[in-house]
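S.K.: here is the input, now give the coordinates:
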Amino acid sequence: MPAGQVTTPAGIRFPVLRAFEISGYLLFPGTDGQGIARRLEKGISIIAGINGIGKTTLLNALLRLLIGPWDVLREDPDDIGSTRHELVRWRSPNYFAGRVPDRAASATIGGWISFGTERVYVLRSLKDLSIEELAHNGVPLEPSDETYQELVKNLTGVDTYYDFHFLVRNLLFYLEDRRPLIWADEGQFEISRILFVPGPDATRTSRLYDDIKQLDSRYRNLLTEHNRNLRRLSTRRIQAGAADDARAAAAAAQEAYAGSVEALARLDAAADELITEEREVAAEMRRQQLELEGLFRAYEGLQQSYFANAFPQSEESFRYILAHMVSDGGCLVCGSGAEAKADELRRR
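M.R.: The predicted structure is shown next:
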């Protein structure tokens, strides 16, 4: 085993961040305005600062440098891991862009990561976490998520990128939203599977575990339905014990029903008469309404003629305003009711 390299019984090599640099990000301008660059030496590194200065943002940037724009599918907020061993695109794609005025248009974060004696350099855009540069032991590689994922899987020794993501997110980083790892059954299972079960067997174990959870969920649903059916059966048996009383009540109800049918027939006849009468009244109301509408139009015409004769030199709009006021329509100019003026015009 090379010096300084630590592996687990399953041959897992932990990624270690050796150095990082952030440039073009307005939240971290650095002392010279060119950004920040730090080499992480052996021992403890402390990030100190007042609230709001960007400590959590920096830690999240370092985390996303390693795992990229990916999150666990259907994560349980009260537990760890996922109901299925799958990843989806990052749920907060504007996390870094939303913290600066320029939307992190040209901001980048780069880092040197070691896996035992192997070295990887990755440079990501802070706008969308896309990979702009990628190198392995100084040899440039295609800057893509697919190439990066395959590379870190092989160097870590895990069988899936989900396992690498879980290892980094839940064992190597401790952020504000971290979920329990040691004290949760799900967390103990996941971390033990990754660290102690060799590659393909770890993936097979995760698939079997997912199948077990789905079967357990189905069993619980069926058990709930079974218990519900038992309660229904018990209720039916109680109801069956009172069947004789129910039959007697049914006979009495049938006799009462016969009388109700006859009464209903009489009510139907009376209702038909009322409906016919209502229709006749409605027709008469519509006729009277049309007649009233005609009289009102004639009344408006007389008003127009009256004002045309009374004010022959006035414009038509002036006469329309006067007619509107006299008919209690109010003043079209000031919007007031002008009832007193309307009475005065009627008297004049």
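S.K.: tell me where the stretch 101-250 of the chain has strands.
M.R.: Using DSSP state E, counting those that start in this stretch, the strands of the stretch 101-250 of the chain run over 108-115, 118-125, 131-136, 139-140.
S.K.: what's the closest of these to Ala256?
M.R.: Shortest separation from Ala256 across the strands of the stretch 101-250 of the chain is recorded for strand 118-125, at 81.8 Å, computed as CB to CB. C-betas here are computed from N, CA, C, even on glycine.
S.K.: now for the closest one, which elements pack on it?
M.R.: helix 55-67, strand 108-115, strand 131-136, helix 145-156 (3 or more CB pairs under 8 Å, 6 or more residues apart in numbering; DSSP states H and E).
S.K.: center of the protein - which residue?
M.R.: Arg91 (10.5 Å; CA atoms, centre = their mean).
S.K.: that residue: what's its closest spatial neighbour, skipping adjacent residues?
M.R.: Asp71 (5.2 Å; CB to CB, 6 or more residues apart in numbering).
S.K.: surely the one you found forms part of a helix?
M.R.: No - using DSSP: H, G, I helix; E, B strand; the rest coil, the secondary structure at Asp71 is strand, not a helix.
S.K.: so what's it up against?
M.R.: 87-91 (CB atoms under 8 Å, 6 or more residues apart in numbering).
S.K.: follow-up on the earlier one: do you know which of the helices and strands packed on strand 118-125 lies nearest Ala19?
M.R.: strand 108-115 (4.7 Å).
S.K.: need the residues that contact that closest one.
M.R.: Here strand 108-115 has contacts from 13-25, 61-62, 64-66, 119-126, 132-133, 152, 155-156, using CB under 8 Å, 6+ apart.
S.K.: now those: which count as buried?
M.R.: For these, a burial check counting by 16 or more other CB atoms under 10 Å picks out 13-15, 17, 20-25, 61-62, 64-66, 120-126, 152, 155-156.
S.K.: any chance you could map the helices in the stretch 151-300 of the chain?
M.R.: 161-167, 185-196, 199-241, 243-310 (DSSP state H, counting those that start in this stretch).
S.K.: those: which one's closest to Ala105?
M.R.: helix 161-167 (27.3 Å).
S.K.: can you list the neighbours in contact with that closest one?
M.R.: 12, 14, 67, 70, 72, 81, 85-87, 149, 152-153, 156, 158, 190-191, 194, 202-203, 206.
S.K.: put the buried members of these into a PyMOL selection.
M.R.: Burial among these is assessed by 16+ other CB under 10 Å; the matching PyMOL selection reads:
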select buried, resi 12+14+67+70+72+81+85+87+149+152+153+156+158+190+191+194+202+203+206
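S.K.: first vs last residue of stretch 42-61, how far apart are they?
M.R.: 21 Å (CA to CA, to the nearest Å).
S.K.: give me the distance between it and the centre of its chain.
M.R.: Computed by CA atoms, centre = their mean, to the nearest Å, the separation of stretch 42-61 from the middle of its chain amounts to 30 Å.
S.K.: in it, what's buried?
M.R.: For stretch 42-61, by 16+ other CB under 10 Å, it's 57-58, 60-61.
S.K.: which members of the residues you listed are the farthest-apart pair?
M.R.: It's Leu58 and Asn60 that sit farthest apart of the buried residues of stretch 42-61, by CB to CB, at 7.3 Å.
S.K.: distance of Gly33 from Gly24?
M.R.: 10 Å (CB to CB, to the nearest Å).
S.K.: oops, could you answer that again for Asn221 instead?
M.R.: Distance from Asn221 to Gly24, by CB to CB: 52 Å.
S.K.: now do Tyr219, the pLDDT please.
M.R.: With respect to pLDDT, Tyr219 scores 84.
S.K.: what of the one 10 residues further on?
M.R.: According to the predicted model, the pLDDT of Asn229 comes to 87.
S.K.: burial of it, as a residue count?
M.R.: Asn229: 10 surrounding residues under other CB atoms under 10 Å.
S.K.: next: the one 3 residues further on.
M.R.: Taking other CB under 10 Å as the neighbour definition, Arg232 ends up with a count of 10.
S.K.: okay, now the unreliable bits of the stretch 51-200 of the chain?
M.R.: Low-confidence segments of the stretch 51-200 of the chain (pLDDT under 70): 74-83, 177-183.
S.K.: picking up where we left off before, now render the strands of the stretch 101-250 of the chain as CSV, adding distance to Ile275.
M.R.: Putting those into CSV (distance: least, CB to CB, whole Å) gives the following:
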stretch, distance to Ile275
strand 108-115, 80
strand 118-125, 76
strand 131-136, 78
strand 139-140, 89
